[in-house]
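Chemist: Here is my input; please provide its structure:
(one chain, ligands or ions: 4)
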Amino acid sequence: AKSLGKNRYCVYNDGMGAKEVRRMELEKDLQLALENKQFYIVYQPKWNVKSNSLYGFEALIRWKHPRLGIVSPSEFIPISEETGMIVPITSWVLENACSQCKIWQEQGIEKPVSVNLSNRLFQVGNLFEMIRKILNTKELDPHLLELEITESMVLLDLKDITQQLQSIRSLGVRVSMDDFGTGYSSIGLLDQIPIDALKLDRLFTNDIGTPRKNAIINAIILMAEELKLDVIAEGVESQEHIEHLAQLGCHVMQGYFYGKPMKVKEIDEWYKHQDG
Ligand code: C2E
Ligand code: CA
Ligand code: CA
Ligand code: CA
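Modeler: Numbering: from 1, shown residues only. Ligands and ions are numbered 1, 2, ... in the order given. The predicted structure follows:
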């Protein structure tokens, strides 16, 4: 990895745009970010409006770069996927999320925490073992861990990933399909990939209200019900969103309206003020 770092320095040149220079810097600094404890996790609540109670949390990673400040995961996750750093990073997220979930459970908040996966994790070939080990070490009930995957990720190697998911789910771990509706063939896949929940992409929530969009969301929800899948709406930002979604049969909401992604301390404070 060291010689790689050196090579990277060599290719800096005057013709490079600021964007490329930044990317290269991030790529180089990502290698030490774990060691130097520059990552932290924020948690965003998912709220069940039907039972008026907490459904669970999603763990989202943050990178506090010593010079550049907070770098968005949308920027550094794709880079870490290319370099392979995503594997140790995800392992770190899983360990921390499982520890935190256990702490909440002991405090009486027994709700699943979800962690986002990248395709790379399935390519390494030891994801099952990684998860089994972490659950064991943290002594966490597997039902309290949920993995978020995407359609595009699964499509890269449908058969292999389906098999890996099956064995992981046999531990009791939950799986949800993230960003649902933005990918390729969606519907047909649902029959093949073993999952517990669908997360309706934020784009649907944004467009809700027009009769045509409502028809599509409604069809997705009806199908999910038949398949015994939970439906979670992403990007819920207003009372209007909630009313529309609930009317269409979606009862679990995630978005700024209920709570932004927060540090543990803020979550604990937030939780005190909920009636659920
Ligand atoms: P995602 O999994 O789709 O996560 C939801 C994103 O939407 C989060 O952005 C969240 O902060 C944001 N969000 C939540 N509620 C609202 C809302 O009401 N309105 C709007 N406009 N946005 C909302 P974030 O945290 O910046 O993460 C971006 C993406 O980075 C995530 O999208 C996920 O794909 C990836 N990511 C984050 N953490 C991890 C991680 O630990 N591992 C992996 N592999 N990917 C991660
Ligand atoms: Ca997600
Ligand atoms: Ca999502
Ligand atoms: Ca996403």
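
Chemist: The one helix or strand residue 231 maps to: what's the following helix or strand?
Modeler: Secondary structure from DSSP states H and E places residue 231 in strand 230-233. Moving toward the C-terminus from strand 230-233, the next helix or strand (DSSP H and E) is helix 239-247.

Chemist: Give me the buried positions along that next one.
Modeler: 241, 242, 244, 245 (16 or more other CB atoms under 10 Å). From N, CA and C alone the C-beta is placed, and that goes for glycine too.

Chemist: what do you get for stretch 190-207?
Modeler: Going by 16+ other CB under 10 Å, stretch 190-207 has these buried residues: 190, 193, 195, 196, 197, 198, 199, 200, 201, 202, 204, 205.

Chemist: Please identify which pair of these lies farthest apart.
Modeler: Greatest spatial distance among the buried residues of stretch 190-207 (CB to CB): 193 and 205, at 22.8 Å.

Chemist: Around ligand 1, which positions in the stretch 151-276 of the chain sit nearby?
Modeler: Contacts of the stretch 151-276 of the chain with ligand 1, taken as CB under 6 Å from any ligand atom, map to 178, 179, 202, 235, 236, 237, 255, 256, 261.

Chemist: same question but for the stretch 1-150 of the chain, I mixed them up
Modeler: Proximity of the stretch 1-150 of the chain to ligand 1 (CB under 6 Å from any ligand atom) is limited to residues 44, 60, 61, 72, 73, 74, 77, 90, 93, 116, 117, 118.

Chemist: wait, which of those residues is closest to residue 104?
Modeler: When these are compared against residue 104 (criterion: CB to CB), the nearest one is residue 44, at 14.0 Å.

Chemist: what sits against the residue lying closest to the closest one once chain neighbours are set aside?
Modeler: For residue 44, ignoring the flanking residues on the chain, the nearest one in space by CB to CB, 6 or more residues apart in numbering is residue 261 at 4.1 Å. By CB atoms under 8 Å, 6 or more residues apart in numbering, residue 261 lies in contact with 42, 43, 44, 58, 60.

Chemist: need the residues you listed in JSON lines with pLDDT, distance to residue 34 and secondary structure, can you?
Modeler: As requested, the contacts of residue 261 are exported to JSON lines (pLDDT from 0 to 100; distance: CB to CB, whole Å; DSSP: H, G, I helix; E, B strand; the rest coil):
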{"residue": "42", "pLDDT": "98", "distance to residue 34": "17", "secondary structure": "strand"}
{"residue": "43", "pLDDT": "98", "distance to residue 34": "20", "secondary structure": "strand"}
{"residue": "44", "pLDDT": "98", "distance to residue 34": "22", "secondary structure": "strand"}
{"residue": "58", "pLDDT": "99", "distance to residue 34": "21", "secondary structure": "strand"}
{"residue": "60", "pLDDT": "98", "distance to residue 34": "17", "secondary structure": "strand"}
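
Chemist: Those residues: which ones sit near ligand 2?
Modeler: Applying CB under 5 Å from the ion to those, one finds that nothing falls near ligand 2.
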